[in-house]
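J.: how does the following fold in three dimensions:
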Amino acid sequence: MAWVYLFFAGLLEIVWAFAMKLSDGFTQLVPSVITITAMIGSVGLLALAMRSLPLGTAYLIWTGIGAVGAFLAGVILLGEAFTPLRAVAALLIISGMVAMKVSH
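T.: Residues are numbered from 1 along each chain as shown. Predicted coordinates:
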């Protein structure tokens, strides 16, 4: 169950990062509320996952899902640049997540 918590914590990390971008520095009410709510949910689920997962593993997977997911959301939904170097960077993050998972 810890991995399920961690997966959804990572998804909420993407949600809050995307909503924070839309909040325009917390000047837009709805995206600001979504940001704060998703942050609380993300950290809460991370805490549940950490009951049985090692700190390093849980934190790396959580931030990795958030980082790669936010990168993809920016490219797909906001039209941000998708360059070869940015793609390699995302693949390196994913590689690190896989290595951490299999070493657990």
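J.: tally up the residues packed near residue 21, please.
T.: Residues contacting residue 21 under the criterion other CB atoms under 10 Å number 17. In short, each C-beta sits where N, CA and C put it, glycine included.
J.: for residue 59, same thing?
T.: By the criterion of other CB under 10 Å, residue 59 has 16 neighbours.
J.: what's the answer for residue 32, then?
T.: Using other CB under 10 Å: residue 32 sits among 17 other residues.
J.: state the helix or strand in which it lies.
T.: Using DSSP states H and E, residue 32 falls within helix 29-49.
J.: and the helix or strand following that helix, what does it pack against?
T.: Downstream of helix 29-49, the first helix or strand assigned by DSSP H and E is helix 55-78. Helices and strands touching helix 55-78, by 3 or more CB pairs under 8 Å, 6 or more residues apart in numbering; DSSP states H and E, are helix 2-22, helix 29-49, helix 84-103.
J.: give me the residues contacting the shortest one.
T.: Right, the one you point to is helix 84-103. With contacts defined as CB atoms under 8 Å, 6 or more residues apart in numbering, helix 84-103 is touched by 56, 57, 60, 61, 64, 65, 67, 68, 71, 72.
J.: no further questions, thank you.
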